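> Here's my sequence, what's the structure:
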Amino acid sequence: MVDAPVLVLAATGGQGRAVTDALLGRGARIRVMVRDPDRGAARELAGRGVEVVAGSLSDEGSLVTAMRGVASVFAFTTPFEAGLEAEVGQGRAILSSATRARIAHLVFSSVAGADQDSGVPHFESKARIEADLASGDVPYTILGPTYFFDNALGGQERILHGTLDLPLPPDRPLQQLARTDLGAFAAEVMLDPAPYVGRRIELAGDAPTPEHMAASLSKSSGREVRHVQMPLAAVGNPDMHAMWAFLNGPGYRVDIPALHEAHPEIPWTSFADWADHTWAGGR
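Residues are numbered from 1 along each chain as shown. A predicted model of the protein is given here:
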């Protein structure tokens, strides 16, 4: 167990919050960097004993300040606000800041499949950041989560009206992960980094088919949910179209039984259990 605080970047986002919650559950000393410490989510973390500092993923000055004196850093980048090049810029700012602050361990949340020449733009931007990490001097661990269960929440209204729209055949398994399990895994890596330094680990908790997903959502919500296979051509966003083409093709390649056997300390939530927790009572 590390004695110095650990740092979570972008701590009020989905991934950052999951990691922070897991670290709190482990009794760790935590510092988080957020854009606005006065926002409700940041104030709530401060109320739980978390040290909250202001900063931006693209501002090296604030990153270096946040990183000073910490044992490990959890980093996440996104292309969905300012684009792919901005995401790569975030990754480079984080790595440069970690070098300047002499960080002993950096955990980067990438995406499963980023090492497969996937042709998916937001996978390839993360692959560029991974390459920078591998060629740098900062000790690192790369985590590659698969599709998150709660991505289904983007279609919440459609699901509540009985339809699960996915551009996949009904019998095509889709490897997926609970954000809470990413948080638990990242916390384990941050608090005991030695076994993980220099490794790239892809994460999946379950691989339900759309048919099984619909059945689980039906049971949990108390109303019938049917899977409707959306035509791939109907996915207009080029990045999302490329991702679903990848998932219809080679897809993720996590060896789920081996991963779970190697890490029995992680809950490894099933889609059905996630649905029971999230959708019980029909939302």
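
> Just list what the helix or strand containing Trp274 packs against, helices and strands only.
Under the criterion of DSSP states H and E, Trp274 resides in helix 271-279. Under the contact criterion of 3 or more C-beta pairs under 8 Å, 6 or more residues apart in numbering; DSSP states H and E, helix 271-279 touches helix 210-221. No exception for glycine: its C-beta is placed from N, CA and C like everyone else's.

> in what helix or strand does the nearest residue to Ala11 once chain neighbours are set aside lie?
Leaving aside its sequence neighbours, Ala11 sits nearest to Val32 (C-beta to C-beta, 6 or more residues apart in numbering; 3.5 Å). Per DSSP H and E: Val32 is located in strand 30-34.

> Pull the distance from that strand to the chain's centre.
Averaging C-alpha positions (C-alpha atoms, centre = their mean, to the nearest Å) puts strand 30-34 17 Å from its chain's average.

> Quick one: mean pLDDT for the helix or strand following it?
Sequence order places helix 40-47 as the next helix or strand after strand 30-34, per DSSP H and E. Regarding helix 40-47, the rounded mean pLDDT is 94.

> repeat for stretch 66-74
On average, stretch 66-74 scores 97.

> Then stretch 268-283?
84.

> Output it as CSV, restricted to C-alpha atoms.
The C-alpha coordinates for stretch 268-283 follow below in CSV (Å, rounded to 0.1, in the frame of the first residue of the first chain):
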residue,chain,number,x,y,z
TRP,A,268,-16.4,-8.8,-12.4
THR,A,269,-20.0,-7.7,-12.6
SER,A,270,-22.2,-9.5,-15.2
PHE,A,271,-24.5,-7.5,-17.5
ALA,A,272,-27.5,-9.1,-15.8
ASP,A,273,-26.3,-8.0,-12.4
TRP,A,274,-25.6,-4.5,-13.7
ALA,A,275,-29.0,-4.4,-15.2
ASP,A,276,-30.7,-5.5,-12.0
HIS,A,277,-28.8,-2.8,-10.1
THR,A,278,-29.4,0.0,-12.7
TRP,A,279,-32.8,-0.7,-14.2
ALA,A,280,-34.7,-2.2,-11.3
GLY,A,281,-38.2,-0.7,-11.0
GLY,A,282,-38.1,0.6,-14.6
ARG,A,283,-35.9,3.6,-13.7
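
> Having no further points to raise, I will conclude here.
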